[in-house]
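S.K.: quick one: sequence and predicted model below, then my questions.
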Amino acid sequence: MQEKIEALRNRVIAPQALFIDGAFREAESGATLDVVSPIDGRRLTTIADAGAADVERAVKAARAAFEKGRWAKAAPAERKKVLLRIAELIEKHALELAVLGVRDNGTEIAMALKAEPGSAAGSFRYYAEAIDKVYGEIAPTAGDILGLVHREPVGVVGAIVPWNFPLMIGAWKIAPALAAGNSVVLKPAEAASLSLLRLAELCAEAGLPEGVFNVVTGRGAVTGEAMGLHPDIDVLVFTGSGPVGRRLLEYSARSNLKRVYLELGGKSPNVVFADAPDLDRAAKVSAYGIFRNSGQVCVAGSRLLVERSIAGEFSEKVAGIAAAMKVGDPLLLTTEAGAVSSEAQLAKDLGFAEQALCEGARLRTGGRRILAETGGFYMEPTVFDVTPGMTLAREEVFGPILSIIPFDGEEEALRIANGTDYGLASAVWTSNLSRAHRMVRGIRAGVVHVNTYGGADNTVPLGGVGQSGNGHDKSLHALEKYLDLKTAWIQL
Ligand code: NAD
């Protein structure tokens, strides 16, 4: 496998255009953005820098395709065939897609292979198989009148996605939206557009009609804003940061009141009680639960809450595992944590570490940039002891930094766990079944793990509460975002 990866490592990537109405097209202004690889800081290629006129073109193509109905009105069983072909093509090109993505965003290849093409193909397959099993309803009305509830595609879906796991998170949105019969305009993050542009090609090869799936690359504040404000996008689905999520809600209010679904950040608590079944395993899973993909995982367990009686010993175990992790070249199969996605993100991560020291946090391991001689963006897995009031205990870093906070008893554990504005993921480690259930009920989050971390499956919804967002990706629940209910009253 490593040999095959090496064969793709330096493959030349042509300048990338926008994918609109079934073909690649330059941005109307001709503007481009450089794509820099976090592996070595070198320029990989360019992407088109779409402006409002390009977004207009993409939305028009999407609307026209929707109205034409070749996709929207096709029998679900017909859509299923195309979606299954897309899944097959993703699988056929899995290595190419994974390497392309890693060169773009720096995720370690072992994880990228599983999470990116693996999960993306799984999403297309899941919604392909689901969509011809979704029925409307007959309401239990009086005998002389019939109430029918139809489920209809919403129309044009705008999707804005982040740079960590672009293919996987993109597919979580594209696959159910297409399965439901919608047209889609997707905007990838500036730092990770390449694999999604390749996906657009594969969708066309699979037989998806022109205009049904469009990709516009460019800057958030320009391309993304034009999508947010566009009057003909019916539903906007987003994964990314809280501040951008807020803007999208404003754009919606200022334009056509499009529905906006937000999957935002987290500061997920991972709560370890002294009676955890296997403290060595808990330490290992906890360390990997934050440091894989250099902490650039929305559900990363970035706050480790440890019962005080074991806090010293357990924290040392976790710090030891962190210090021993293999950080470096993301294209080596043996690498356990790859690069930070960009120079700006690396500076942000290092800034958080510096601020933690200024606020009096105790550094157990890490804290520095490494492998600078490669030109790439790498940081040591970093572990701090913090107190609940410190910045590192409250704000999302989205980098390889773990904050450890000791606690006494369940009540305090819950108070600290619920003491941020976020509510995405969490975990509890205990052998006490009643306590596990109490904690599952008490933690304010969309996901609670018990004696594990990072569970992922297309059959299970993923979403947050509080300022971690609304709506869910994955599972049959995700379809609800892409289908409108219509009631028909029929007098008999
Ligand atoms: P980001 O919010 O900076 O960018 C996300 C997307 O929004 C990008 O495509 C970007 O170009 C676009 N954007 C930026 N400004 C915009 C604007 N003014 N208008 C419209 N679009 C705009 O986030 P990021 O740095 O790419 O990703 C990291 C964040 O994503 C973290 O907060 C992380 O927790 C979150 N995330 C959440 C989940 C989840 O499922 N909840 C999953 C992955 C990542």
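M.R.: That came in fine, so what should we check first?
S.K.: what's near enough to touch T46?
M.R.: Taking C-beta atoms under 8 Å, 6 or more residues apart in numbering as the definition of contact, the neighbours of T46 are 15-16, 32-35. All C-beta spots, glycine's among them, are computed from the backbone N, C-alpha and C.
S.K.: what's the answer for F66, then?
M.R.: Under the criterion of C-beta under 8 Å, 6+ apart, the neighbours of F66 are 72, 153, 155-156, 182-183, 212.
S.K.: mind checking pLDDT for it?
M.R.: Confidence at F66, expressed as pLDDT, is 98.
S.K.: give the rounded mean pLDDT of stretch 347-361.
M.R.: According to the model, stretch 347-361 has a mean pLDDT of 97.
S.K.: please read the previous query as pertaining to stretch 140-155.
M.R.: With pLDDT averaged residue by residue, stretch 140-155 scores 96.
S.K.: can you tell me the distance between the two ends of that stretch?
M.R.: Separation of the first and last residues of stretch 140-155 by C-alpha to C-alpha, to the nearest Å is 29 Å.
S.K.: quick revisit: of the contacts of F66, buried ones?
M.R.: Buried members of these, scored by 16 or more other C-beta atoms under 10 Å, are 72, 153, 155-156, 182-183, 212.
S.K.: quick revisit: so which of the contacts of F66 comes closest to the ligand?
M.R.: Taking C-beta to the nearest ligand atom as the measure, the ligand lies nearest V156 of the contacts of F66, at 16.3 Å.
S.K.: contact residues of the stretch 251-400 of the chain facing the ligand?
M.R.: Counting by C-beta under 6 Å from any ligand atom, the residues of the stretch 251-400 of the chain close to the ligand are 263-266, 298, 396, 398.
S.K.: which of those residues has the most neighbours?
M.R.: Neighbour counts for those, by other C-beta atoms under 10 Å, peak at G266, which reaches 30 neighbours.
S.K.: OK, contacts around it?
M.R.: Remark: with contacts taken as C-beta under 8 Å, 6+ apart, G266 is in contact with 298-300, 302, 396, 422-425, 464, 468.
S.K.: and it, its phi and psi?
M.R.: Reported as degrees, to the nearest 10, the phi and psi values for G266 are phi -160, psi 170.
S.K.: could you list the low-confidence segments of the stretch 351-492 of the chain?
M.R.: Within the stretch 351-492 of the chain, the set of residues satisfying pLDDT under 70 is empty.
S.K.: need the residues that contact stretch 1-18.
M.R.: With C-beta under 8 Å, 6+ apart, stretch 1-18 has contacts from 24-27, 32, 35, 44-48, 50, 54, 58, 95-96, 99-100, 103, 109, 193-194, 197, 214-217, 331-333.
S.K.: tell me how far it lies from the chain's centre.
M.R.: A distance of 23 Å separates the C-alpha centroid of stretch 1-18 from that of its chain, computed with C-alpha atoms, centre = their mean, to the nearest Å.
S.K.: wait, isn't A159 in contact with A177?
M.R.: Yes - using C-beta atoms under 8 Å as the test, A159 is close enough to A177 to be in contact (7.1 Å).
S.K.: between the two, which has more neighbouring residues?
M.R.: More crowded of A159 and A177, by other C-beta under 10 Å: A177, with 29 against 26.
S.K.: put the alpha carbons of the host helix or strand of that one into PDB.
M.R.: For A177, the element it lies in under DSSP states H and E is helix 166-179. Presented in PDB, the C-alpha positions along helix 166-179 are these (Å, rounded to 0.1, in the frame of the first residue of the first chain):
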ATOM      1  CA  PRO A 166     -14.100  17.400   3.300                       C
ATOM      2  CA  LEU A 167     -15.100  14.300   1.400                       C
ATOM      3  CA  MET A 168     -16.800  12.700   4.400                       C
ATOM      4  CA  ILE A 169     -18.600  15.800   5.700                       C
ATOM      5  CA  GLY A 170     -19.400  16.800   2.100                       C
ATOM      6  CA  ALA A 171     -21.000  13.400   1.400                       C
ATOM      7  CA  TRP A 172     -23.000  13.500   4.700                       C
ATOM      8  CA  LYS A 173     -24.800  16.500   3.100                       C
ATOM      9  CA  ILE A 174     -24.600  15.800  -0.700                       C
ATOM     10  CA  ALA A 175     -25.800  12.200  -0.500                       C
ATOM     11  CA  PRO A 176     -29.100  12.700   1.400                       C
ATOM     12  CA  ALA A 177     -29.800  15.900  -0.400                       C
ATOM     13  CA  LEU A 178     -29.400  14.200  -3.800                       C
ATOM     14  CA  ALA A 179     -31.200  11.100  -2.700                       C
END
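S.K.: by contact count, what packs against that helix?
M.R.: Counting contacts by 3 or more C-beta pairs under 8 Å, 6 or more residues apart in numbering; DSSP states H and E, helix 166-179 packs against helix 76-92, helix 94-105, helix 119-131, strand 156-160, strand 183-187, helix 194-206, strand 235-239.
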